[in-house]
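Undergrad: Need a 3D model of the following:
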Amino acid sequence: MNRIIAALLLAGLSNSMLCAAAQTPLKAYGVTAIEKVTQNQEPATDWRAGRIAIECARNESESFQVVVRANRPMDNLSVGLEDLRTAGGAVLPARFINLRKVEWVDVNAPFDPAEPSTKPNFLPDPLPPVDAAKDRFAVEPGKNLVFWLTVTVLEDARAAIYRGRVRLLRGSETVATIAVELRVRGFTLSNPPILQSMVGLSASNIYKAHGCKTREDKERIIRVYFDEYIRARLSPFLYAPGTMAFSPLPDSAIKWEFLKGPDGKPTGQAKLDFTGFDREGERYFNQRRAFSAFNFAPYLWTRRDKRDKQQGTVLRFADGKGAVVERRNPDDSINPVFDRLVMGVFRQIATHLAEKGWLDRAIYYVTDEPPESDMEALKEICLLIRQADPRIRTAMTYDPANRPKLAELAQDGKSLISVWIPYCTLYREDVAAAERKKNADYWLYDVKDFCLISHTGLLNRAMFWDVWRRDAGGYLYYLSTHWGQTTTPWERPNFLLPGVSYKYRHGDGYFFYPPLRHGEPDAPLLDRVVPTIRWELMREGAEDYDYLRMLERLVSAANRKNPSAANKGRLALAQARNFANIAAGAANNYTIQMLQLEKAEGWSWSATESWLIHRGGKPSKLKVTIKTGMKDGLYDLSLRVYDDRDHHGRIYSRFAVNGKPCASPGTDVKGPVAVEVGSVAVRGGVCSFELSSSPEDYGVIVYGVGLREIVKAKSRSIYAVRHDVADAIELLQATLAAK
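TA: Have a look, this model is predicted:
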């Protein structure tokens with residue numbers, strides 16, 4: 001009888017609880033930063049109702065999301081942040097929790113502001129700041145209200161479990177909560193970061209968008225953006241051919257002036273002034289211990305029509321007073337004054353930076369994406385820099401993988417380029433191995449394969465796993481604030497370069513949004529910066545990179561002292577490498593220029609534009625051959641193709657590879673995508689496959705081909721892999737600290 005009564009009571013209690021849950025107007029979920037939550041998305045299985053658990057090291061930040069849903073309309077909602085506390089009384093104050101709101105932009109909005117968006121596709125990206133004391137929000141049934149929270153842990157924080165809450169309030173009433181558990185690890189990320197980076201910053205766009213009127217306005221807002229770079233463990237990059245600075249602030253550059261003789265002509269001597277540069281370097285390199293790399297120009301070349309009317313590269317050097325010296329005299333002989341000036345100026349710079357302890361961060365960016373026709377002029381520049389001071393690191397985007405003649409930038413078997421920075425999908429292991437034998441290092445850069453709004457959160461973050469997997473030391477991206485002139489990315493995320501292929505690169509060129517959705521502020525707006533989810537995930541990726549490099553160094557140090565502990569570190573690194581191979585694609589990539597293509601009906605291609613096309617309507621087989629430096633064996637083959645469900649009346653892309661039907665996903669997001677098409681064999685350094693068009697009205701546009709080693713083992717989530725890496729770091733640090 002007692003069991004029956006107990007069962008009835010329990011059933012009644014369960015029913016009442018279910019009824020109460022059904023009547024709860026608001027529900028909050030903890031969601032990891034890696035998931036991009038759309039406006040109408042239903043709760044996923046990995047969303048945690050009422051809770052979230054995260055972990056990070058000291059001197060690191062970690063983000064998570066709070067997704068709010070309601071079964072009836074609710075307004076006047078606010079967010080309350082509480083201190084995070086340990087059982088022993090340590091406190092992480094709420095002021096170190098940054099609160100932002102997730103907003104969505106239409107990635108299908110045409111570039112032209114006059115054109116309506118006929119198939120809107122809203123994806124999350126902007127993260128405008130939230131004032132918890134003032135801002136109020138509304139939520140509608142079936143729609144998500146999403147907040148982005150980032151916890152920053154200081155260097156002196158205690159390693160422990162911290163707990164607290166995020167409260168959703170309506171007036172003074174708490175209507176939902178998220179229980180937050182933060183594990184602070186027992187190790188600290190270094191300053192400056194291990195990862196070297198240069199991410200471009202356009203100051204003129206910032207000044208305009210924030211309504212800066214005075215020098216004080218400009219300085220204040222640049223310092224705010226620099227704080228964002230420091231938090232993200234990334235370094236600013238001024239994409240300006242005549243600048244010798246990392247800061248765009250007035251008087252922050254290295255200044256140089258050519259000394260002149262009685263005849264008013266340069267003598268070959270130069271006077272340099274480091275005052276402004278040293279001021280900024282002291283602030284950021286020494287006091288803040290920030291910014292792992294910076295470039296210094298100036299470019300030593302220009303393009304000019306020659307006497308034969310052909311455009312050519314002319315070596316020239318100009319100072320801040322407008323004096324110009326060229327290397328070639330009118331009779332094409334060498335002007336020795338040019339050589340003395342270049343070597344003298346660069347020698348003084350190297351000596352000064354070395355004395356300050358900053359030379360190991362300096363990069364001399366010789367040129368950007370050079371054509372092979374510039375090779376001889378570039379070699380002249382590099383030889384002069386080497387003579388000035390061999391410690392100066394020269395860098396160049398591209399490498400001999402897609403500009404083979406660049407391999408000639410060498411002397412006595414040593415590369416004249418210290419750091420090659422190829423585009424991530426043009427990296428070739430065989431080419432990189434050959435250049436490394438010549439003492440060159442590698443960075444990678446990306447403009448469209450990891451950083452777009454429509455990419456998954458994992459892919460946005462995985463760029464830095466690829467940098468690590470390739471054993472590269474740094475990362476470059478050309479601009480973080482490249483906003484449109486007539487419209488903003490809030491309205492038109494695809495604003496970049498109308499009329500060419502760039503127009504579908506939503507998010508390319510910017511990791512921040514202007515502070516206002518429309519127009520410019522009437523008064524300076526100097527306390528509102530709008531980063532993106534992609535910027536936050538890049539930060540997470542940069543932190544991942546430093547974790548992995550830390551573990552590598554610890555394993556190396558522990559090899560003799562404790563082989564067992566070192567083996568555990570190696571196991572964690574092996575798991576991380578497997579994850580990187582899967583998450584980052586890890587392919588050796590080949591553009592159309594690198595392929596051997598036999599003529600076939602209906603197929604056309606352009607090596608200049610790097611595409612291969614067939615409009616479909618009938619099957620036509622095209623033999624594709626790749627000469628690779630890869631060892632013999634089976635590889636996963638992928639094709640980078642255009643994706644559009646309606647491009648000039650046809651669907652793109654559908655095709656067959658070795659008889660197997662393949663297709664792009666056919667989403668509303670137009671642009672290039674990678675399609676896995678099966679495995680192929682490499683024999684004698686050569687791979688061949690048969691590409692066929694569709695017999696139906698489906699076209700195909702191919703931009704490139706990727707070959708990737710077949711990954712047999714499955715990988716766990718990024719958080720599980722990172723957890724094991726952190727465990728190994730703690731174990732090895734303790735091992736090495738023990739007597």
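
Undergrad: Tally up the residues packed near the closest residue to L77 other than its chain neighbours, please.
TA: On the basis of C-beta to C-beta, 6 or more residues apart in numbering, the spatially nearest residue to L77 that is not a chain neighbour turns out to be F137, at 4.6 Å. C-beta here means a position set from N, CA and C on the backbone, and glycine is covered the same way. Number of residues near F137 (other C-beta atoms under 10 Å) recorded here: 16.

Undergrad: Spell out which residues sit in contact with F137, please.
TA: Shown in contact with F137 (C-beta atoms under 8 Å, 6 or more residues apart in numbering): 75, 77-79, 101, 145.

Undergrad: again with R316
TA: Neighbour list for R316: 300-302, 324-327, 338 [criterion: C-beta under 8 Å, 6+ apart].

Undergrad: Columns secondary structure on top of the residues you listed, output as a markdown table?
TA: Output for the contacts of R316, formatted as a markdown table (DSSP: H, G, I helix; E, B strand; the rest coil):
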| residue | secondary structure |
| --- | --- |
| L300 | coil |
| W301 | strand |
| T302 | strand |
| V324 | strand |
| V325 | strand |
| E326 | strand |
| R327 | coil |
| F338 | helix |
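
Undergrad: List just the nearest of those residues to A726.
TA: L300 (45.4 Å; C-beta to C-beta).

Undergrad: For the closest one, which non-adjacent residue is spatially closest?
TA: I381 (5.0 Å).

Undergrad: likewise P370?
TA: Spatial nearest neighbour of P370, excluding adjacent residues (C-beta to C-beta, 6+ apart): L378 at 6.1 Å.

Undergrad: Name the residue closest to the centre of this protein, please.
TA: M538 (5.3 Å; C-alpha atoms, centre = their mean).

Undergrad: residues contacting the closest residue to that residue other than its chain neighbours?
TA: Distances taken as C-beta to C-beta, 6+ apart place A232 nearest to M538, at 6.3 Å, with adjacent residues excluded. A232 makes contact with 535-536, 538-539, 542, according to C-beta under 8 Å, 6+ apart.

Undergrad: From these, pick the one nearest Y652.
TA: Nearest to Y652 among the contacts of A232, with distances taken as C-beta to C-beta, is M538, at 30.0 Å.

Undergrad: Correct me if wrong, but the closest one is in a helix.
TA: Yes. The assignment for M538 (three-state DSSP) places it in a helix.

Undergrad: check contacts around it.
TA: With contact set as C-beta under 8 Å, 6+ apart, M538 has these partners: 232, 234, 451, 460-461, 463-464, 511.

Undergrad: go on, F579?
TA: Contacts of F579 (C-beta under 8 Å, 6+ apart): 465, 715-716, 718, 721.

Undergrad: Just confirm it is within a strand.
TA: No. Using three-state DSSP, the assignment for F579 is helix, not a strand.

Undergrad: quick one: it from I729, how far?
TA: 16 Å (C-beta to C-beta, to the nearest Å).

Undergrad: May I ask which helix or strand encompasses the residue nearest to L300?
TA: Using DSSP states H and E, I381 sits within helix 375-388.

Undergrad: just checking, A245 touches R279?
TA: No. Applying C-beta atoms under 8 Å, one finds A245 not in contact with R279, separated by 10.8 Å.

Undergrad: Pull up the overlap in contacts between the two.
TA: Listed as contacting both A245 and R279 by C-beta under 8 Å, 6+ apart are S252.

Undergrad: Return the residues in contact with D697.
TA: 616-617, 649-651.
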